[in-house]
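# A structural model of the following input is requested.
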Amino acid sequence: MDSLSVQNKISECQELHEHHSSLTVLFFPFAAYGPINQCIAMGDVLRRHGHRVVIAVDRMWQEKLTSLGFEVYLTDLGDPTIQNPGEYWANFARDTLSKVRQPTIMQLEALVNPAIHAVIEETKRYQQQMRLILDQVQPNVVIQDNAACLPILLTNGVPFVRVVSCNPLEIPGPNVPPTFSGLPQDDHSEWDQFRNEYERVIRPMWEDFNSWVQQHGLPPLPDLQFNCESKYANIYIYPQEADYTENRPSVRRGIESTPVKGLYGDQLKLPNTMYGEANLPQTKVLPLVDLVITHGGNNTVTESLHFGKPMILLPICWDQHDNAQRMHEKGFGVRLDTYQFTDEDLLVAVDTLLKDTALRDRMALLGEQIRGRDGVRLAADIIERVGYENLI
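Just a heads-up that it's a prediction; the model follows:
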């Protein structure tokens, strides 16, 4: 969408706001950094528009969200011994280390299957809990960003918006690589093999979940998908320059070269030429750097593009493989083999990207274009419009 179209949409929503009272907006994000940060960004815009924003989350996110001034309703279904998100994801990284070293096709059974199974079991537990939260909050619009749909959010009569904060390949199509594969767009030779393995590993679990959602009032899910589209609005947040729309229409030793300490930061000692903490304000740091070395998580990739920074990508799991491959084939960075690259490979990639002035100029221009579109503001305005258009 060009800048003029964005401005027109914003103007339309401003006009709606002038003629309506404030809304109550309920976010229900998956308890991970990506979905949480996306709902914070959109929720902040909505609060500035005068709306009440409520976030339903696991207890480990309560301190972070309340410190930012958000109203929080606790789902109270998480592990009470986990005190903060960093601890949870540190444990996850430790427990899955041997699995993420496998090729992506082997990760389907070793990592993707149990991860989706855990999400499904959590979703089933949330069904009754969210009914109570909906009764208490009385929202005008509900937003879910999760790997599996929650029937109560689609059947309770409140307008529902689906948000996808993962790579767009979460929404499959015949002319794009299979999700979680990290396979290239222009080489289809391994696509069918990966899809066949996905079918073998995932279908029994999908059939069980598909039956469960129908028992709770939903129509059958799309084949091998764990979410269904909203009739009100479906949003995924990904720069159009990196999207797959040319192949399908828009859908409804490296340790001393690492600049941030990460989840086990208190166990690392950085050399004097480096600075790092377990957590840093990433959007404050990115404008100051020339190059980003990342695992390919969706937030870091989209934020790096937002600020026009080339990337070196070392994917570990989930959609990180898809993001890494997409940045590589679009020429926005270099993908390295996470567990096989040498110090020389890394240094050559760093030198190549930093010395490529044409790339840096292109990335800077791309960043200007993305910032000009103000995607988070547009997403918040879509949510606002859904709420206003369905006020009783």
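
# how much space between A233 and V141?
Distance, A233 to V141, using Cβ to Cβ, to the nearest Å: 9 Å. The way it works is simple: take the backbone N, C-alpha and C, and place the C-beta from them, glycine included.

# so what sits against both of those two?
Counting by Cβ atoms under 8 Å, 6 or more residues apart in numbering, the common neighbours of A233 and V141 are V161, I383, V386.

# Can you tell me which of these has the most neighbours?
I383 (30 neighbours; other Cβ atoms under 10 Å).

# returning to what we had before: more neighbours: A233 and V141, which one.
V141 (26 against 19).

# Next, work out how far apart the residue positioned nearest the centre of the chain and N299 are.
The chain has S165 as the residue nearest its centroid, 2.7 Å off, counting by Cα atoms, centre = their mean. As judged by Cβ to Cβ, S165 and N299 stand 7 Å apart.

# Which neighbours do the two have in common?
Joint contacts of S165 and N299 (Cβ under 8 Å, 6+ apart) are G34, Q38.

# how about the residue nearest to the centre of the chain, phi and psi?
phi -100, psi 10 (degrees, to the nearest 10).

# For it, give me its contacts.
P29, G34, P35, Q38, D145, Y236, I237, N298, N299.

# Show me the shaky parts of the protein.
1-20, 77-99, 248-273, 276-279, 392 (pLDDT under 70).

# Okay, strands next: where are they in it?
Remark: strands assigned in the chain by DSSP state E are 24-29, 52-57, 71-74, 141-145, 160-164, 233-236, 292-294, 311-313, 333-335.

# Can you say which of the ones you listed is nearest to P172?
When the strands of the chain are compared by Cβ to Cβ, strand 160-164 sits nearest P172, at 12.0 Å.

# hang on, I171 packs against Y238?
No: counting by Cβ atoms under 8 Å, I171 stays clear of Y238, with 10.6 Å between them.

# which non-adjacent residue is nearest R195?
The shortest distance from R195 to any non-neighbouring residue, by Cβ to Cβ, 6 or more residues apart in numbering, is to P178 (5.1 Å).

# Looking at the contacts of S165, which is nearest D337?
Within the contacts of S165, proximity to D337 (Cβ to Cβ) peaks at N298, which comes in at 20.7 Å.

# Neighbours of the closest one, how many?
26.

# what sits against it?
For N298, the contact set (Cβ under 8 Å, 6+ apart) comprises G34, S165, C166, N167, Y238, D319, N323.

# And G69, by the same measure?
Counting by Cβ under 8 Å, 6+ apart, the residues that G69 touches are R47.

# What is the most widely separated pair among the contacts of S165?
Pairwise across the contacts of S165, and taking Cβ to Cβ, the largest span is found between P29 and Y236, at 14.0 Å.

# With distance to Q128 as extra columns, can I get the contacts of S165 in TSV?
Shown next, in TSV, are the contacts of S165 (distance: Cβ to Cβ, whole Å):
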residue	distance to Q128
P29	19
G34	26
P35	22
Q38	26
D145	21
Y236	29
I237	30
N298	30
N299	31
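
# Surely L359 is in contact with K309?
No: the pair L359 / K309 is not scored as a contact, 10.6 Å apart, by Cβ under 8 Å.

# These two: who's more crowded?
Taking neighbours as other Cβ under 10 Å, L359 and K309 compare with K309 leading, 25 against 16.

# can you list the domain ranges for this protein.
As given by automatic domain parsing, the domain ranges for the chain are 3-250+373-389, 254-372.

# is it true that N247 touches N175?
Yes: using Cβ under 8 Å, N247 is in contact with N175, at 4.6 Å.

# quick one on the thing from earlier: just curious, which of the shared contacts of A233 and V141 is nearest to G372?
Nearest member of those to G372, counting by Cβ to Cβ, is I383, at 20.9 Å.

# check contacts around the residue nearest to that closest one when sequence neighbours are not counted.
Among residues not flanking I383 along the chain, V161 sits closest, at 5.6 Å (Cβ to Cβ, 6+ apart). Counting by Cβ under 8 Å, 6+ apart, V161 makes contact with V141, V142, I143, Q144, S230, Y232, A233, N234, I235, I382, I383, V386.

# tell me, how many neighbours does the fifth one end up with?
Here the count is done by other Cβ under 10 Å, and S230 has 21 residues near it.

# In contact with it: list those residues for me.
Per Cβ under 8 Å, 6+ apart, neighbours of S230: L154, F160, V161, R162.

# Same list, these, but as JSON lines with distance to D58 please.
Shown next, in JSON lines, are the contacts of S230 (distance: Cβ to Cβ, whole Å):
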{"residue": "L154", "distance to D58": "21"}
{"residue": "F160", "distance to D58": "21"}
{"residue": "V161", "distance to D58": "21"}
{"residue": "R162", "distance to D58": "20"}
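
# Next, give me the two most distant ones among those residues.
L154 and V161 (10.7 Å).
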